[in-house]
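**Q** Here's my sequence, what's the structure:
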Amino acid sequence: MVELRIECVVDKHARVGEGPVWDDRAHCLWWTDINGRTMHRFNPADGTDKVHELRVRVGCFALREAGGFVLAAEFGFWLWDPETNRLDHLHDVAAPGDDWRMNDGGCDRQGRLVASSMCTDPNRRPIGGCWRLDAAHHSEQLMDGLHIGNGIAFSPAGDRFYIADTTVNTVWHADYDTATGAIGTRQEFVHFRDLQGHPDGATVDSQGGYWIAGVGGARLYRFTPAGQLDRTIELPISKPTRPMFGGPKLDQLYLTSIGQDATEPGAGGVFRIEGLGFTGLPEPRFQG
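**A** Numbering: from 1, shown residues only. The predicted model follows:
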C-alpha cells in the first residue's frame, strides 16, 4: 500500500485560498485568493507560483476552450486574459452590494459554468443563490435561499449535481439534465452533524466519489455516490477550502486553504496529497 503523503507546495498566507483548477494541457494548477484579489498559477515542475493581481474578488473560475478564463467574481461573470490581465465584465446576476459576493462553482460536463453566491454579513442571511452561465453568456438562476453556496460538483456522467450550504452543514444532490442544464428536486446527500468542520469546496473522482473539504475541522472527506463516508484524512491546517485532482495521471489531490485568522504553519497555502489510490477527471473547459 502506498503511504499517504501531504505536503505544502505553495507556502503563501493567502487570505482565502480557493477554487483550484488543474490545467491538464499546460500541467499547472490555477487557484485564487478571493479576498486578496489575486489569481495564481502554480507550476509543479519548478515550484513557482505566479501571481496576477485583479481588481475583483474571484469566487470561482474555469479555463475557456477559446483561451483565458471565465470568472464568477464580485456580483456576476467576467472574462479574463492572463497574458494581458484584461478583464471583460459580462453581466451581474443581482444588484451589487456590500453583503454578498460570488463564491464556489465549476463547469458541468458540457462546459457550462455553474456558480453560487454567499452572504458576507456575519449573520449569514439566506440571500445567496446559484446560476448557470452558458456558451452564449446567458445566465439562469437555478437556486436561491443559500447562506453560503459551496460544494458544487458533477458526477462523472454529468447527470448528478452536488451543492452545499456551509452555514446549514448540508450537501444536497439533484438530477441534472445534461442537455438543458436544468436541475431536478434536490435531496439531502450528507449532513455534517457528526463530522468535524463545515462543508466547503468539493470535487468528484473517476469512480464517482465526492471529496469535500471540512473547513474549520482540519479534515478532508470522501463519500460514495450513495452518501456513505468511506475516507477521512486529517490535515495539518484547520481551514481547508477545496480539493482538486491534478498531476500527469490525475492521481494527486491539491487542496487550497484559508490563511486569515489561522495561525498554524502553512495556513493559506496550497497542499498536495499523494498516495490516495484514486484518480480524478479532467476539468471541463467553458465553451463560451
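**Q** List the contacts of the nearest residue to residue 250 once chain neighbours are set aside.
**A** Once flanking residues are discounted, residue 250 sits nearest to residue 280: 4.3 Å by CB to CB, 6 or more residues apart in numbering. For the C-beta atoms, the positions are set from N, CA and C on the backbone; glycine is no exception. Applying CB atoms under 8 Å, 6 or more residues apart in numbering, we find residue 280 in contact with 22, 203-206, 244-246, 250-251, 253.
**Q** for the closest residue to residue 154 other than its chain neighbours, phi and psi?
**A** Distances taken as CB to CB, 6+ apart put residue 108 closest to residue 154, at 5.3 Å, once the chain neighbours are dropped. Per-residue torsions, residue 108: phi -80, psi 180 (degrees, to the nearest 10).
**Q** check contacts around residue 108.
**A** Per CB under 8 Å, 6+ apart, neighbours of residue 108: 114, 132, 154, 158, 161, 176, 178, 181, 284.
**Q** strand partners of the helix or strand residue 52 falls within, parallel vs antiparallel please.
**A** Secondary structure from DSSP states H and E places residue 52 in strand 48-53. Strand pairing for strand 48-53, determined by DSSP bridges: strand 38-43 (antiparallel).
**Q** Could I get the buried residue list for the strand it pairs with?
**A** For strand 38-43, burial by neighbour count (16 or more other CB atoms under 10 Å) applies to 38-42.
**Q** and what of stretch 265-274?
**A** Neighbour-count burial for stretch 265-274 [16+ other CB under 10 Å]: 266-273.
**Q** Tabulate the residues you listed in JSON lines, adding columns for pLDDT and distance to residue 57.
**A** Formatted as JSON lines, the buried residues of stretch 265-274 follow (pLDDT from 0 to 100; distance: CB to CB, whole Å):
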{"residue": "266", "pLDDT": "96", "distance to residue 57": "23"}
{"residue": "267", "pLDDT": "97", "distance to residue 57": "19"}
{"residue": "268", "pLDDT": "98", "distance to residue 57": "16"}
{"residue": "269", "pLDDT": "98", "distance to residue 57": "19"}
{"residue": "270", "pLDDT": "98", "distance to residue 57": "18"}
{"residue": "271", "pLDDT": "98", "distance to residue 57": "22"}
{"residue": "272", "pLDDT": "98", "distance to residue 57": "25"}
{"residue": "273", "pLDDT": "98", "distance to residue 57": "27"}
